[in-house]
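>>> One predicted model, sequence on top.
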Amino acid sequence: MSVPRASRVYLDHAATTPMVPAAVEAMTRELTRVGNASALHGSGRAARRVVEDSRELIADRVGARPAELIFTSGGTESDNLAVKGGYWSRRDGRRNRVVVSAVEHHAVLDSASWLAAAEGAELDLLPVDVMGRLDLAAAERLVDERTAVVSVMAANNEVGTRQPVAEVARLATAVGAVSHSDAVQAVGHVPLDFAASGLDLMTFTGHKLGGPYGVGALLARRSTALTAVQHGGGQERDVRSGTLDVAAIAAFAAAVEVAVAGLVAEEARLRALRAELVDGVLAAVPGARLNGTLAAADSLPGVTNLGFADCAADSVLMLLDAAGIDCSAGSACSAGVAQPSHVLTAMGVEETAARSALRFSLGHSSSRADVRALLAALPEAVSRARAAAAFV
């Protein structure tokens with residue numbers, strides 16, 4: 001029998017986090033109104049005001065100009081537009097390389113792989129160290145005058161490691177390549193300033209910071225050319241056609257405002273909670289291992305990846321699920337076959353160990369009670385999973 005949703009412990013905020021009340025209120029308000037933001041009549045102009053006020057607020061909070069913010073349906077679309085649109089805008093007979101880190105989200109990795117397979121791009125993956133940090137020396141070697149686009153995420157979605165995106169932007173600028181960063185996990189959780197970063201493009205989304213699903217943004221400097229991926233009405237600088245979701249955009253703006261306003265205090269609170277979680281797990285579960293780093297300068301405040309030797313992560317996940325605790329396995333699933341995490345294997349984690357990893361991610365609704373519930377349930381779950389694995 002499953003545990004009722006209302007009584008569950010939610011430790012999967014890196015997948016999606018609950019909407020904050022201000023975002024729910026903003027979205028509910030706009031859902032009661034009518035008006036296409038591209039229409040010229042009064043209702044359309046009122047909708048457009050909501051969109052542009054939201055654009056100004058969001059841009060201000062992330063260190064961008066309003067004209068640099070392109071609304072999209074979320075992180076995946078923004079990443080596709082950045083990687084493909086950036087590549088097509090720079091590609092010529094001499095410049096046909098795409099350089100991305102080996103630990104990117106699949107929205108970036110798969111876009112880059114598609115360009116290699118379908119468009120003849122030359123793809124290079126940048127290595128990382130055992131903590132998941134970018135090898136800058138390798139980046140300096142691989143980013144050259146043949147490079148069209150470089151994409152390195154601001155912070156990793158599986159292990160929480162932050163990357164030196166300003167240095168990546170500097171390397172790209174020096175050779176005339178487009179620089180992009182997937183900042184989906186970072187915006188609203190750690191300080192970010194688009195103007196100061198030197199990046200040409202940056203991705204983020206609503207549902208990772210207390211807003212709704214289905215809305216996100218791509219920041220694009222006005223001087224950065226982008227080739228459209230989808231075509232239609234010419235909305236959003238003629239690079240992202242489609243009717244704007246006014247209610248979702250209003251909620252997105254409300255969530256960004258709440259997240260950025262409370263960022264300093266919330267970051268400190270989550271780092272303390274995460275330290276309690278990690279210390280507790282390492283003390284209570286023999287053979288538990290931290291993947292990544294807890295250093296504040298190099299990590300997100302709420303993301304923890306832990307490996308449990310001699311058992312399968314999926315088994316532990318399901319036992320925790322039965323106990324009312326939501327978390328995430330550190331693996332992807334392709335065609336119904338579990339695969340070891342590409343992030344962990346890029347970090348040098350052996351395949352069997354990579355298959356034992358779980359991600360516990362904290363967010364604005366997380367509490368010490370959630371951590372204590374995990375610490376109470378996890379030792380037995382791991383013990384049972386290990387016992388089951390011994391008979392396989």
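Ah, there it is.

>>> Could you chop this structure up by domain?
5-18+263-390, 21-261 (automatic domain parsing).

>>> How far does the shortest one sit from its chain's centre?
Going back to what we said before, that points to domain 5-18+263-390. Chain-centre distance of domain 5-18+263-390: 17 Å, with Cα atoms, centre = their mean, to the nearest Å.

>>> need the contact list for Ser361.
Ser361 makes contact with Leu11, Asp12, His13, Ala14, Ala15, Gly160, Gly302, Val303, Thr304, Cys327, Ser328, according to Cβ atoms under 8 Å, 6 or more residues apart in numbering. Just so you know, the C-beta spots here come from the backbone N, C-alpha and C atoms, and that holds for glycine as well.

>>> Generate a ChimeraX selection restricted to the buried subset of those residues.
Typed into ChimeraX, the line below selects the buried ones among those, using 16 or more other Cβ atoms under 10 Å:
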select :11,12,13,14,160,302,303,304,327,328
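
>>> Now flag whichever of the contacts of Ser361 is closest to Arg49.
Closest approach to Arg49 among the contacts of Ser361 (Cβ to Cβ): His13, at 32.2 Å.

>>> so that closest one makes contact with Gly363?
Yes - using Cβ atoms under 8 Å, His13 is in contact with Gly363, at 3.0 Å.

>>> anything in contact with each of these two?
With Cβ under 8 Å, 6+ apart, His13 and Gly363 have common neighbours Gly302.

>>> List the buried residues for stretch 378-388?
Buried, per 16+ other Cβ under 10 Å, within stretch 378-388: Leu378, Pro379, Ala381, Val382, Ser383, Ala385, Arg386.

>>> Make JSON lines out of these and add secondary structure and pLDDT.
Output for the buried residues of stretch 378-388, formatted as JSON lines (DSSP: H, G, I helix; E, B strand; the rest coil; pLDDT from 0 to 100):
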{"residue": "Leu378", "secondary structure": "helix", "pLDDT": "98"}
{"residue": "Pro379", "secondary structure": "helix", "pLDDT": "98"}
{"residue": "Ala381", "secondary structure": "helix", "pLDDT": "98"}
{"residue": "Val382", "secondary structure": "helix", "pLDDT": "98"}
{"residue": "Ser383", "secondary structure": "helix", "pLDDT": "97"}
{"residue": "Ala385", "secondary structure": "helix", "pLDDT": "97"}
{"residue": "Arg386", "secondary structure": "helix", "pLDDT": "96"}
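
>>> tell me which element the closest residue to Ala67 other than its chain neighbours falls in.
Once flanking residues are discounted, Ala67 sits nearest to Arg222: 5.9 Å by Cβ to Cβ, 6 or more residues apart in numbering. In this assignment (DSSP states H and E), Arg222 forms part of neither any helix nor any strand.

>>> And Arg222, how far from Ser197?
Per Cβ to Cβ, to the nearest Å, Arg222 is found 16 Å from Ser197.

>>> Looking at the two now, which is surrounded by more residues?
Ser197 (22 against 9; other Cβ atoms under 10 Å).

>>> The nearest residue to the more buried one once chain neighbours are set aside: which element?
Leaving aside its sequence neighbours, Ser197 sits nearest to Ala166 (Cβ to Cβ, 6+ apart; 5.3 Å). Under the criterion of DSSP H and E, Ala166 resides in helix 165-175.

>>> Off-centre distance for that helix?
21 Å.

>>> neighbouring contacts of it?
Against helix 165-175 from outside (Cβ under 8 Å, 6+ apart): 134, 136, 139-140, 143-145, 147, 150, 152, 154, 178-179, 181, 183, 196-200.

>>> Let's see which of these end up in helices.
Leu136, Ala139, Glu140, Ala196, Ser197 (DSSP state H).

>>> Export those residues as a markdown table, with columns for pLDDT and distance to Ser78.
As requested, these are arranged in a markdown table below (pLDDT from 0 to 100; distance: Cβ to Cβ, whole Å):
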| residue | pLDDT | distance to Ser78 |
| --- | --- | --- |
| Leu136 | 97 | 25 |
| Ala139 | 98 | 22 |
| Glu140 | 97 | 27 |
| Ala196 | 98 | 20 |
| Ser197 | 98 | 16 |
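
>>> okay but Thr293 is in contact with Arg162, surely?
No - the criterion here is Cβ under 8 Å, and Thr293 misses it with Arg162 at 9.1 Å.

>>> who touches both of those two?
Ser299.

>>> of these two, who's got more company?
With neighbours defined as other Cβ under 10 Å, Thr293 and Arg162 compare such that Arg162 has more, 22 against 18.

>>> how much space between the spatially closest residue to Asp314 that is not a sequence neighbour and Asn157?
Closest residue to Asp314 apart from its sequence neighbours, by Cβ to Cβ, 6+ apart: Ala329 at 5.6 Å. For Ala329, the distance to Asn157 equals 13 Å [Cβ to Cβ].

>>> who's more crowded, these two?
Neighbours per residue (other Cβ under 10 Å) separate Ala329 from Asn157, with Asn157 holding more: 24 against 20.

>>> show me what contacts the closest residue to that one other than its chain neighbours?
Distance criterion Cβ to Cβ, 6+ apart; nearest residue to Asn157, sequence neighbours excluded, is Gln185 at 5.1 Å. Residues in contact with Gln185 (Cβ under 8 Å, 6+ apart) are Ala14, Met153, Ala154, Ala155, Asn156, Asn157, Gly160, Lys208, Leu300, Val303.

>>> hang on, Asp314 packs against Ser328?
No - judged on Cβ under 8 Å, Asp314 makes no contact with Ser328 at a distance of 10.8 Å.

>>> can you count the residues close to the residue nearest to Ser197?
14.

>>> Which pLDDT value belongs to it?
We have a pLDDT of 98 for Ala166.
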